[in-house]
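A.B. asks: Sequence plus the predicted model coming up.
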Amino acid sequence: MMMAQKGYIVFTLDNRGSANRGKKFEQATFRHLGTKEIEDQLVGVNYLKSKKYVDPNRFGVFGWSFGGFMTTSLMLRTNDTFKVGACGGAVIDWKYYEVMYTERYMDRPDQNPEGYEEASLLNYVQNLKGKLLLVHGTYDQTVVWQQTLLFAEKAMHLGIDMDYFPYVGHKHGIRGKDRYQLYLKITNYFNENL
C-alpha cells in the first residue's frame, strides 16, 4: 500500500504453478521451475504496457524466497524487461534447496538434470543489465545463505554490477526493527533506480 501511495502501480499475477486453480494449472511447472512462470508474468507485463498510464521503461519486481527466485529470473531471463529488482532469501540453484520441496516439483537432480540446469540462475548471471538488490539472512535455514553468496561470487567474477546486503543473524524472514530497515532499503532502491 505504501508503494501505491508513493505513485507506484502495484500488480500481482498468479502464474501457472500457483495453488487453488486446479491440478493442471498447478502442475504446469513440474520439472521446469521458472519457465512457465516467466511466460505468464510477461503476459501481465504486456497487459500493463497496453495501458496509457504505464511507463513501459520503468518496470520493477520484488519477491521473497520463491518470489526471490522469480524476481532474479525475471531480471535475468526476460531481455531487460525489468529495470530494477529487489529480493530476499532467493533460491538461486534448486540443487541447494531442501529436498522435500524441490524433489516434489523437480524430481531428483539425477532424474531431471536438464530441468535443474535450466532453472539454475547461476547460468544467467551474465544477462543482468538492470539494478538488482539481493538480501539474505545469514542464518537462513530454509534457503541457505550459500545461494546468494554463489550468485554474488559469480557476478563478481564476471564483472557484473549488483547489490547485496546480508541480514546478520536473521533466518528466512527478517524480523523486529531490522524488518523496517529492510523495507526502507527496498523502497529507497526503487526510488533511486526506477
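C.D. replies: Noted; the coordinates are in hand.

A.B. asks: what's the next secondary structure element after the longest strand along the chain?
C.D. replies: Secondary structure assigned by DSSP state E gives strand 131-137 as the longest strand of the chain. Using DSSP states H and E, the helix or strand that follows strand 131-137 towards the C-terminus is helix 146-158.

A.B. asks: Let me know the angle separating that following helix from strand 131-137.
C.D. replies: If you take axes from the mean of the first three to the mean of the last three C-alpha atoms, to 10 degrees, helix 146-158 sits at 140 degrees to strand 131-137.

A.B. asks: Can you name every helix or strand that helix 146-158 contacts?
C.D. replies: On a contact count with 3 or more C-beta pairs under 8 Å, 6 or more residues apart in numbering; DSSP states H and E, helix 146-158 meets strand 131-137. For every residue, glycine as well, the C-beta is placed using N, CA and C.

A.B. asks: what lines up beside the strand it packs on in the sheet?
C.D. replies: strand 84-88 (parallel), strand 163-167 (parallel) (DSSP bridges).

A.B. asks: now the helices for this protein?
C.D. replies: With DSSP state H as the criterion, the chain has helices at 2-5, 23-26, 36-49, 66-76, 99-106, 113-119, 146-158, 177-193.

A.B. asks: what sits up against the first one?
C.D. replies: Counting contacts by C-beta atoms under 8 Å, 6 or more residues apart in numbering, the residues outside helix 2-5 that touch it are 10, 187, 190.

A.B. asks: what's the burial count for the residue nearest to Gly169 when sequence neighbours are not counted?
C.D. replies: Closest residue in space to Gly169, ignoring its immediate chain neighbours: Tyr139 at 5.6 Å, by C-beta to C-beta, 6 or more residues apart in numbering. Using other C-beta atoms under 10 Å, Tyr139 has 13 neighbouring residues.
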